[in-house]
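*Asks:* Kindly return the folded structure for what I paste below:
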Amino acid sequence: ARVLSLEPQVAATTRRAYQHLRLVCQLCFFLDQDDLATVIHALVTTRLDYCNMLYMGLPLKMVQKLELVQNEVMRLLTGASYQDHITPILRSLHWLPMCYCAQFKLLVLTYKTVNGPSPGYLRERIRPYIPAQTLRSEGEICPAVPSHLRVRGMRAAEKAFSMVECPPHTHQQSVRRLLFWS
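*Replies:* Numbering: from 1, shown residues only. Below is the predicted model:
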């Protein structure tokens, strides 16, 4: 029986990113910092960002492989050693860890769908939640969760992104702050 897994995709992505990173390492002596950053973004980080929405909900083992590549890129860009902590480097470059990149992309897409110009097929998917009775959360903007009967009647393609939950360690206030900037 075949099992659908993203493990081959993650392995191929990290392998290609490391290949390009080795080539960039050979160039780093001939390029200044700005040109080196441009080459790294063009060859390595674009591979990590491509289709990273698919990486949402992956096991930590697979996400860590992508984060290792990201850490190597940051060390090459900043000249940091392996003993240096990676979190201050992330902050100085204004980058998110790989485990949060897809979540942030989804939150920005949801924000733009709710508040700004967006394609009609996305606006149809996100409907505001209107409670049947008066609640304290009545003034908040919350998306409606599709009913189980509606989800059961959907085709597989329609069902794929009908509802994406935040991971259990993500606090609802921080998600709301990221999503609605309130």
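
*Asks:* tell me which element the residue nearest to Cys99 when sequence neighbours are not counted is part of?
*Replies:* In space, and not counting its chain neighbours, Cys99 is closest to Val63: 5.0 Å by Cβ to Cβ, 6 or more residues apart in numbering. (Each C-beta comes from the backbone N, C-alpha and C, glycine too.) Element membership for Val63 (DSSP states H and E) is helix 60-78.

*Asks:* outside of that helix, which residues touch it?
*Replies:* Residues outside helix 60-78 that contact it (Cβ atoms under 8 Å, 6 or more residues apart in numbering): 6-7, 10-11, 13-14, 17-18, 21, 24-25, 28, 33, 36-37, 40, 44-45, 48, 55, 80-82, 84, 86, 89-90, 92-93, 95, 97-99.

*Asks:* and that helix, how far from the chain's centre?
*Replies:* Relative to the mean C-alpha coordinate of its chain, helix 60-78 is positioned 14 Å out (Cα atoms, centre = their mean, to the nearest Å).

*Asks:* Could you name the helices and strands sitting against the helix ranked longest in the chain?
*Replies:* What stands out as the longest helix in the chain, according to DSSP state H, is helix 7-27. The helices and strands touching helix 7-27, judged by 3 or more Cβ pairs under 8 Å, 6 or more residues apart in numbering; DSSP states H and E, are helix 33-40, helix 46-49, helix 60-78.

*Asks:* how about 6 Å then?
*Replies:* helix 46-49, helix 60-78 (3 or more Cβ pairs under 6 Å, 6 or more residues apart in numbering; DSSP states H and E).

*Asks:* And those: which comes nearest Pro131?
*Replies:* Between Pro131 and the helices and strands packed on helix 7-27, the tightest spacing by Cβ to Cβ is seen for helix 60-78, at 35.9 Å.

*Asks:* could you give the mean pLDDT of the closest one?
*Replies:* Helix 60-78 shows a mean pLDDT of 92.

*Asks:* buried stuff in it?
*Replies:* By neighbour count with 16 or more other Cβ atoms under 10 Å, helix 60-78 contains the buried residues 62-63, 65-67, 69-74, 76-77.

*Asks:* cool, and stretch 7-20?
*Replies:* So, applying 16+ other Cβ under 10 Å, buried residues of stretch 7-20: 10, 13-14, 17, 20.

*Asks:* again, but for stretch 93-106
*Replies:* In stretch 93-106, counting by 16+ other Cβ under 10 Å, buried: 95, 98-99, 101-103, 106.

*Asks:* Adding pLDDT, distance to Ile126 and secondary structure as columns, could you present these in a markdown table?
*Replies:* Formatted as a markdown table, the buried residues of stretch 93-106 follow (pLDDT from 0 to 100; distance: Cβ to Cβ, whole Å; DSSP: H, G, I helix; E, B strand; the rest coil):
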| residue | pLDDT | distance to Ile126 | secondary structure |
| --- | --- | --- | --- |
| Trp95 | 90 | 28 | coil |
| Met98 | 88 | 25 | helix |
| Cys99 | 84 | 24 | helix |
| Cys101 | 88 | 21 | helix |
| Ala102 | 86 | 18 | helix |
| Gln103 | 87 | 16 | helix |
| Leu106 | 84 | 11 | helix |
